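Visitor: got a predicted model here, sequence first, then my questions.
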Amino acid sequence: MKDITLSRMHEIQRELQEKYKEKWGGLSPKVARDQLLWMMIEAGEAADIIKKEGDTAIMENKEARGHFIEELCDVMMYLNDVMLCYSVTPEELATAYEEKHRRNMTRW
C-alpha cells in the first residue's frame with residue numbers, strides 16, 4: 001500500500017516551485033492569495049465531477065475516479081503552495097489538525 005506524507009508533499013511542491021520560480025513568481029504571502037483562489041477553483045472542479053458523473057461513477061468507473069483523484073491532487077498541491085508561501089510547516093499543520101480533531105470529538 002502506497003502512502004504519501006504531508007512532509008513529502010511539501011518537499012515535492014517546494015521542488016516544483018523552485019523549478020518554475022521565475023514563471024510563477026516564487027513563494028510569498030502575496031502569491032499565496034492567488035494560490036488559495038486556485039485551490040478553491042480546483043475544489044470546484046472536483047465538485048463538478050461529483051455533480052456531472054455522480055457518486056457511483058467515482059466509486060466504480062476507473063476514468064471518472066482517476067479524473068476526480070487528479071483534481072484532489074491539484075487541491076493538495078495548491079494547499080502545499082499556500083503553506084510554503086506562509087512558511088507553515090507540516091509539523092505545525094499536524095499539531096493543529098490533531099488539536100482540532102480533539103475539539104471536534106467533544107463538541108456535540
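Guide: Arrived safely, thanks for sending.

Visitor: got the buried residues for stretch 82-93?
Guide: Using 16 or more other CB atoms under 10 Å as the test for burial, stretch 82-93 gives 82-85, 88, 90, 93. For glycine as for every other residue, the C-beta is placed from the backbone atoms N, C-alpha and C.

Visitor: and the end-to-end length of that stretch?
Guide: 12 Å (CA to CA, to the nearest Å).

Visitor: list of residues touching it?
Guide: 5-7, 9-10, 13-14, 17, 27-29, 31-32, 35-36, 39 (CB atoms under 8 Å, 6 or more residues apart in numbering).

Visitor: what's the closest of the residues you listed to Thr106?
Guide: Leu6 (24.6 Å; CB to CB).

Visitor: for the spatially closest residue to that closest one that is not a sequence neighbour, phi and psi?
Guide: The shortest distance from Leu6 to any non-neighbouring residue, by CB to CB, 6 or more residues apart in numbering, is to Pro90 (4.2 Å). Per-residue torsions, Pro90: phi -60, psi -30 (degrees, to the nearest 10).

Visitor: from His10, how far off is Pro90?
Guide: 5 Å (CB to CB, to the nearest Å).

Visitor: same question for Met1.
Guide: Counting by CB to CB, the gap from Met1 to His10 is 21 Å.

Visitor: go on, Gly26?
Guide: Applying CB to CB, the value for Gly26 to His10 is 16 Å.

Visitor: next: Gln35.
Guide: 14 Å.

Visitor: between the two, who's got more neighbours?
Guide: Gln35 (22 against 19; other CB atoms under 10 Å).

Visitor: so what's that one closest to, chain neighbours aside?
Guide: Closest to Gln35 by CB to CB, 6+ apart is Asp81, at 4.2 Å.

Visitor: now swap in Leu36 and tell me
Guide: Leaving aside its chain neighbours, Leu36 sits nearest to Val82 (5.3 Å; criterion: CB to CB, 6+ apart).
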